[in-house]
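Undergrad: Structure, please.
(one chain, ligands or ions: 1)
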Amino acid sequence: MTRALKVSVSSAFTLASAAVIFACSSGATEDTGTDSPTDLTRHPTVMADCHTPQPDARHPAVCFAERRTDVAPFVAKPAAVPSGYGPADLAAAYNIPSNLAPNSIVAIVDAQDDPNAESDLAVYRAQYGLPACTTANGCFKKVNQKGATSPLPKADSGWAGEISLDLDMVSAVCPSCKILLVEVDSADMTNLGTGVNTAVALGAVAVSNSYGGGEDSSVVAADAAYFNHPGVFITASAGDNDFGASFPATSAHVTAVGGTSLVKSSNARGWSETVWHTSSSEGTGSGCSAYISKPSFQKDTGCKNRVEADVSAVADPNTGVAIYDTYGGASAGATGWAVYGGTSASSPIIAALFTRLGKATTATNGFSYANTADFYDVTSGNNGTCGTSVKYECTAGVGYDGPTGNGTPNAAAIAGAVTPPPPVDAGAPVDSGVDSGSDSGTSSGGTCKHSVCTQGARLTNGCNTCASAVCAADSYCCHNQWDNICVSEVAEYCPSTSCN
Ligand SMILES: [Ca+2]
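TA: Numbering: from 1, shown residues only. Below is the predicted model of the structure:
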């Protein structure tokens, strides 16, 4: 049984509605007098902080941060809220349980120094009521690529924006985590890779890499030298330049993180996502590696090698996140609060999330392929054009696709929670009206006696093995609602005709 048409139609409908609703509700926080920074009808202008390769790099990499320049810098005032999504928004969108507080180390690897990293981080965390994370209290540590606290590399205002984005996203998603900032000498793959090895040597359980570059034959050796760390969850941004492979996102050992547009919605989840695609040259990366062999967990047939991405999270500057960055001042566009996007946002979100959930040391980069029902499937949008036989590499659809991988995280499901959260919004139904959530559990084809099955709520994967089997085949049942179609699928996907 398929519900592909139903889901895609629903998504398109709710997205259009949500953009209007959210623009109205958030307008009060905008101090520019213009429309909301999350108005999807507007084409944002961005400053790509460190997208220019350094000319002396042998294997240059660039960062994937994009700072909005059409949203006036926000001047913090008491009781005011910065523009852009904050920790509560991300927790709601990705269904993050509130009771998890690990103190494991999440590392971010960046080039150059951000002299204001710790002080800017303090402002961000104070704004959102997060516990202080400082060198003094042992939460924050900044080192060079050799692992020493000095000397630090030359300061750079572009990478400082990237560093603030990474620090703030780790803080937002895992406020209790320790943060290790590794600042390497320059944006060259050799240095950045050395930084990854240093992060692991210093005890990081997760390492986020918000940078990348085009592939050449050197990536095979680089992959082996820098990214093969079993028991450490390593993420890499998919890129900000639309369809096309980027390394280290194509590493056989990392979780490649694509980007979405994230908006509030009246659906059961309360949010909806589409592929981030701003223009013909700006949007999430994805694609087929020319050099890295295909991991066993990837079963797509259009790419004989490693294909990216694996998962995704918000990255569209138009639905961007709030960041606090001051290094470089006004001439660098760094005057405090700003709205950022880029897959530099989504990579640290995923790294911090798996750490928050206690999964960083056990989840491999094949996790999302083995647990598809733990992710919100993104089914619409594209990041360019690609051939018919490989259309999934650049076009979202039901199930795996290149731009968004297996989808965006449902953190409670990943954590193995057995109790589904209450519906976020009981507003208008967002599907085509096929069902109303009043399923009695007795529809033809099977029965479902699990308590939540009769309530019309979505199921959390892990509820029981039968429900998980249905959700794996039809993610709507875990993402949206356990309806009569899910019940009828019990007979189709479970060994028996009951699911209790
Ligand atoms: Ca998909």
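
Undergrad: For this structure, just list every one of the helices.
TA: 4-26, 87-93, 117-127, 157-173, 189-201, 218-226, 343-356, 367-370, 411-414, 465-473, 476-479, 484-493 (DSSP state H).

Undergrad: now for the fourth one, which elements pack on it?
TA: Contacts of helix 157-173 with other secondary structure elements, assessed using 3 or more Cβ pairs under 8 Å, 6 or more residues apart in numbering; DSSP states H and E, are made with strand 62-63, helix 87-93, strand 105-111, helix 117-127, strand 178-184, strand 321-329, strand 334-341, helix 343-356. All C-beta atoms are positioned from the backbone trio N, CA, C, and that covers glycine.

Undergrad: Could you double-check that residue 334 lies in contact with residue 323?
TA: No - with contacts counted by Cβ atoms under 8 Å, residue 334 stays clear of residue 323, the gap being 9.8 Å.

Undergrad: list residues touching both of the two?
TA: Contact with both residue 334 and residue 323 is made by residues residue 161, according to Cβ atoms under 8 Å, 6 or more residues apart in numbering.

Undergrad: what ranges of the protein fall below the confidence cut-off?
TA: The chain contains residues with pLDDT under 70 at 1-43, 72-80, 417-465, 470-481, 483-489, 491-500.

Undergrad: quick check: angle from the strand ranked longest in it to strand 334-341?
TA: As assigned by DSSP state E, the longest strand anywhere in the chain is strand 282-293. Using axes from the mean of the first three to the mean of the last three Cα atoms, to 10 degrees, one finds that strand 282-293 and strand 334-341 are set 70 degrees apart in direction.

Undergrad: Can you mark which positions in strand 282-293 are buried?
TA: 282-289, 291-292 (16 or more other Cβ atoms under 10 Å).

Undergrad: which other helices and strands contact it?
TA: helix 218-226, strand 241-243, strand 255-264, strand 305-308.

Undergrad: What residue, apart from its backbone neighbours, is nearest residue 152 spatially?
TA: residue 113 (4.5 Å; Cβ to Cβ, 6 or more residues apart in numbering).

Undergrad: cool, and residue 309?
TA: residue 258 (3.5 Å).

Undergrad: quick revisit: just name the most buried of the helices and strands packed on helix 157-173.
TA: With neighbours taken as mean count of other Cβ atoms under 10 Å, the helices and strands packed on helix 157-173 reach their highest mean count in helix 343-356, at a mean of 32.

Undergrad: how far out from the middle of the chain is that one?
TA: Offset of helix 343-356 from its chain centre (Cα atoms, centre = their mean, to the nearest Å): 6 Å.

Undergrad: mind listing what the residue nearest to the spatial centre of the chain touches?
TA: For the chain, residue 313 is the residue whose C-alpha lies nearest the centre (Cα atoms, centre = their mean; 2.4 Å). Contacts for residue 313 (Cβ under 8 Å, 6+ apart) come out as 94, 257, 259-260, 262, 345-346, 349-350, 408-409.

Undergrad: Also residue 126?
TA: By Cβ under 8 Å, 6+ apart, the contact list for residue 126 reads residue 132.

Undergrad: What of the one 5 residues further on?
TA: When contacts are counted by Cβ under 8 Å, 6+ apart, residue 131 is found next to 125, 139, 175-176.

Undergrad: for residue 139, same thing?
TA: Shown in contact with residue 139 (Cβ under 8 Å, 6+ apart): 131-133, 178-179.

Undergrad: rewinding a little: with mean neighbour count and distance to the ion as extra columns, can I get the helices and strands packed on strand 282-293 in TSV?
TA: As requested, the helices and strands packed on strand 282-293 are exported to TSV (neighbours: other Cβ atoms under 10 Å; distance: least, Cβ to the ion, whole Å):
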stretch	mean neighbour count	distance to the ion
helix 218-226	18	26
strand 241-243	23	15
strand 255-264	30	10
strand 305-308	26	13
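
Undergrad: Nearest to the ion: which residue in the stretch 401-500 of the chain?
TA: Across the stretch 401-500 of the chain, the shortest distance to the ion (Cβ to the ion) belongs to residue 401, at 4.4 Å.

Undergrad: thinking again about what came up before, want to throw the helices and strands packed on helix 157-173 into CSV with distance to residue 195?
TA: Shown next, in CSV, are those (distance: least, Cβ to Cβ, whole Å):
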stretch, distance to residue 195
strand 62-63, 13
helix 87-93, 25
strand 105-111, 4
helix 117-127, 15
strand 178-184, 4
strand 321-329, 19
strand 334-341, 21
helix 343-356, 14
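
Undergrad: Which residues does the residue nearest to residue 342 when sequence neighbours are not counted form beta bridges with?
TA: Counting by Cβ to Cβ, 6+ apart, the nearest residue to residue 342 once its immediate chain neighbours are dropped is residue 66, at 4.1 Å. Assessed by DSSP bridges, residue 66 has beta-bridge partners residue 48, residue 341.

Undergrad: ok, residue 66 touching residue 50?
TA: No - at 10.4 Å, residue 66 does not count as touching residue 50 under the criterion of Cβ under 8 Å.
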